[in-house]
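**Q** here is my input; please provide its structure:
(one chain, ligands or ions: 1)
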Amino acid sequence: MDMRLSIAELVRNAIEAAYPGAQGVPEDIGALLEVPPEREMGDFAFPCFKLSRALRMGPPMIAKKLAENINAPEVARVECVGGYLNFFFNRENFARDIMQAVMAAPEKWGSGEEGNGKTVCLDYSSINIAKRFHIGHLSTTVLGNALKRIYEFLGWKTVGINHLGDWGTQFGKMVCAYKKWGVKEEVEKHGVEEMTRLYVRFHEECEKDPALEDEGRAWFKKIEDGDEEALSIFRWFKEVTLRDAMKVYEKLGVTFDSYAGESFYVDKTDRVVNELRDKGLLEESEGALIVNLEEDKMPPCLIIKRDGTTIYATRDLAAIFYRKDTYNFDKCLYVVAYQQDLHFRQIFKVVEKMGYDWAKDGLIHVAFGMVSYEGQTLATRSGHVVYLEDLLARAQEKALDIIKEKSPNLENKEEAARQVGIGAVVYSTLQNSRIKDIDFWWDRALNFDGETGPYVQYTHARCGSILRKAPENLPAPDYKALCDDEAQHLLRLISRFPEAVSEACLRNEPSIVTRATTEIAKAYNKYYYEHRILDGELSEVAARVEVTRAVKAVIKTGLYLIGVEAPERM
Ligand code: ARG
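**A** Below is the predicted model:
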């Protein structure tokens with residue numbers, strides 16, 4: 001049931017009746033319908049000035065004539081205010097329609113088929129080998145995961161890709177350092193930390209003995225040439241890094257379909273370079289090869305360095321074509337910090353210049369802002385690095401303290417604390433528009449009363465608890481019980497949830513789902529405080545229990561879509 005569609009239909013019919021055969025009337029009436037800022041102004045408003053040119057008449061007059069031609073059970077009344085036609089739903093009708101529509105498949109409410117037959121590749125998290133997973137990679141990880149779920153919910157086929165940063169001369173140095181001073185057990189035990197120690201030592205020793213640099217380079221050459229020993233050490237570093245990262249991914253419920261990173265594309269860059277040359281796009285500049293982007297008002301895109309090696313951009317170009325060939329994507333999203341904006345604009349432009357039209361709408365940089373932690377920006381050098389693993393562990397501990405205090409009788413407190421702690425971190429990352437910088441504060445993230453993960457989760461658990469107490473074998477619901485302002489507001493929000501999901505997908509903006517879900521939770525709590533769900537006539541109880549069931553399902557979906565679990569009890 002889509003009220004926007006049915007109101008649009010009414011408007012269309014009214015135009016046809018009042019102005020038979022009128023020309024130039026906009027096609028998509030539904031898109032013109034507005035949701036009035038105040039509830040007193042109705043449920044939907046149609047701005048008649050959008051018709052005044054086609055109908056050659058003032059908007060107030062049009063509103064009046066259309067109003068005379070509207071008579072339908074789903075609308076209780078229409079009002080003409082200025083050039084607007086305001087629609088007031090028939091409350092009982094609306095309640096029945098929306099409840100029946102949701103309850104037909106509560107867990108599917110908001111899903112869609114617009115993505116059927118289409119494929120989206122999502123490049124997210126994309127961590128760097130031999131570096132610890134810190135909060136700088138939190139946003140890309142949870143944003144990408146949320147987008148993947150949202151696209152899937154709308155019928156898209158999704159391919160989640162962790163484009164690992166696993167290529168560069170630093171890996172030669174690391175292997176070299178390991179060969180000189182490394183101990184296998186230490187690397188196994190301390191993972192990335194030990195690799196970092198080796199890397200730092202390499203640089204220290206280089207100051208004493210500059211010849212070491214050459215040795216490091218030689219080891220990287222060995223990796224490039226496929227030397228067995230060099231490769232096996234390098235691969236093992238990768239495994240150890242990923243093993244640690246997996247713990248974080250598991251906690252966050254984040255998955256990938258591919259871990260093809262930069263090294264995977266090294267032998268696939270030739271094809272791009274050759275094609276660029278064939279198409280006359282390569283230019284020599286100070287011994288390097290570039291694509292000139294002057295006419296696009298960008299600095300040149302470096303393709304081959306003076307020493308003949310490829311760079312990050314070259315491998316990303318190879319990845320674009322590999323993904324297009326392999327997955328035949330309709331869209332390929334890059335969930336990467338806005339600092340890399342120029343990089344993506346450059347490589348997308350290069351693909352466009354190569355003559356591939358799909359580059360224009362198909363390649364999308366989903367940029368996001370910076371994360372700081374309790375007022376401190378992330379600065380590796382100054383030592384303010386916050387590791388994700390530690391952050392999540394802290395979140396769990398803190399949540400446990402709060403739960404112990406708030407729900408001393410809860411049975412499985414650890415499980416709830418896991419869901420709430422991690423949910424709080426994820427929710428706060430996806431709460432505001434992605435481009436805004438995030439400052440993470442514990443008190444804010446874990447507040448059970450604000451607009452937070454725990455608050456929404458708590459509402460879900462509250463619904464669960466009410467449903468457990470509800471009498472069995474209730475009669476058919478009497479929807480007159482849902483005609484009050486609070487219930488209607490809640491129902492309206494539920495009815496608009498599908499629009500929120502679609503828009504989140506369209507704009508690659510999961511925060512739209514976060515907000516819609518939070519609004520539903522707030523509206524339900526308000527309803528809960530003003531109405532006794534389980535008291536009164538059984539047929540009325542049945543209606544309120546049904547709303548509770550619907551709210552629980554929609555909140556669960558909303559939380560799922562942003563990658564947050566919904567506890568049954570907390
Ligand atoms: N590893 C890079 C980083 O940490 C991000 C890679 C993003 N993906 C890409 N295809 N360039 O900054």
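**Q** quick check: phi and psi on R77?
**A** When read as degrees, to the nearest 10, the backbone of R77 gives phi -160, psi 160.
**Q** can you get me a residue count around the residue in the stretch 451-570 of the chain that the ligand sits nearest to?
**A** Going by CB to the nearest ligand atom, the ligand is nearest to N508 of the stretch 451-570 of the chain, at 15.1 Å. Yep, even glycine has a C-beta here, placed from its N, CA and C like the rest. Other residues near N508 come to 22 when the count uses other CB atoms under 10 Å.
**Q** so it makes contact with V366?
**A** Yes: N508 lies in contact with V366 (CB atoms under 8 Å); the separation is 4.7 Å.
**Q** what residues does the stretch 151-300 of the chain have near the ligand?
**A** Contact residues, the stretch 151-300 of the chain versus the ligand (CB under 6 Å from any ligand atom): 163, 165.
**Q** in the stretch 151-300 of the chain, what residue is nearest the ligand?
**A** G165 (3.5 Å).
**Q** report the beta-bridge partners for that residue.
**A** N128 (DSSP bridges).
**Q** measure it to L302 for me?
**A** 18 Å (CB to CB, to the nearest Å).
**Q** now do D535
**A** 71 Å.
**Q** settle it for me: which of the two has more neighbours?
**A** Neighbours were counted for D535 and for L302 using other CB under 10 Å; L302 has more, 18 against 9.
**Q** what's the one helix or strand the more buried one maps to in contact with?
**A** For L302, the host element (DSSP states H and E) is strand 301-304. Identification of contacts with strand 301-304 by CB atoms under 8 Å, 6 or more residues apart in numbering yields 272-273, 276, 282, 288-291, 293, 310-311, 313-314, 317, 346-347, 349-350.
**Q** so which of those residues are in helices?
**A** Judged by DSSP state H, the subset of these located in helices is 272-273, 276, 313-314, 317, 346-347, 349-350.
**Q** who wins for most neighbours among the residues you listed?
**A** Within the ones in helices among the contacts of strand 301-304, neighbour counts (other CB under 10 Å) peak at L317, which reaches 29 neighbours.
**Q** leaving out chain neighbours, which residue sits closest to it?
**A** In this structure, L317 finds its nearest non-sequential neighbour in V272, 4.7 Å apart by CB to CB, 6 or more residues apart in numbering.
**Q** can you name the residues that contact the one you found?
**A** 303, 314, 317-318, 321.
**Q** just I70 next, same as before
**A** Residues near I70 by CB under 8 Å, 6+ apart: 10-11, 14, 78.
**Q** ok, now G464?
**A** 552, 568-569 are the contacts of G464 under CB under 8 Å, 6+ apart.
**Q** for this protein, what lies in contact range of the ligand?
**A** 123, 126, 128, 163, 165, 316, 319, 334, 336.
**Q** closest to V541 out of those residues?
**A** V541 lies nearest to D123 out of these, by CB to CB, at 49.8 Å.
**Q** go ahead and confirm the closest one touches K331.
**A** No: D123 is beyond contact range of K331, at 11.2 Å (criterion: CB under 8 Å).
**Q** more neighbours, these two?
**A** Ranked by neighbour count (other CB under 10 Å), D123 and K331 place D123 first, with 25 against 18.
**Q** so what does the more buried one have for phi and psi?
**A** Taking degrees, to the nearest 10 as the convention, D123 sits at phi -100, psi 110.
**Q** same check, this time on the one 4 residues further on
**A** Recorded main-chain torsions at I127 are phi -80, psi 170, according to degrees, to the nearest 10.
**Q** quick one: V159 from V366, how far?
**A** Distance of V159 to V366, given as CB to CB: 15 Å.
**Q** these two: which is more packed in?
**A** Between V159 and V366, counted using other CB under 10 Å, V366 has the larger neighbour count: 23 against 19.
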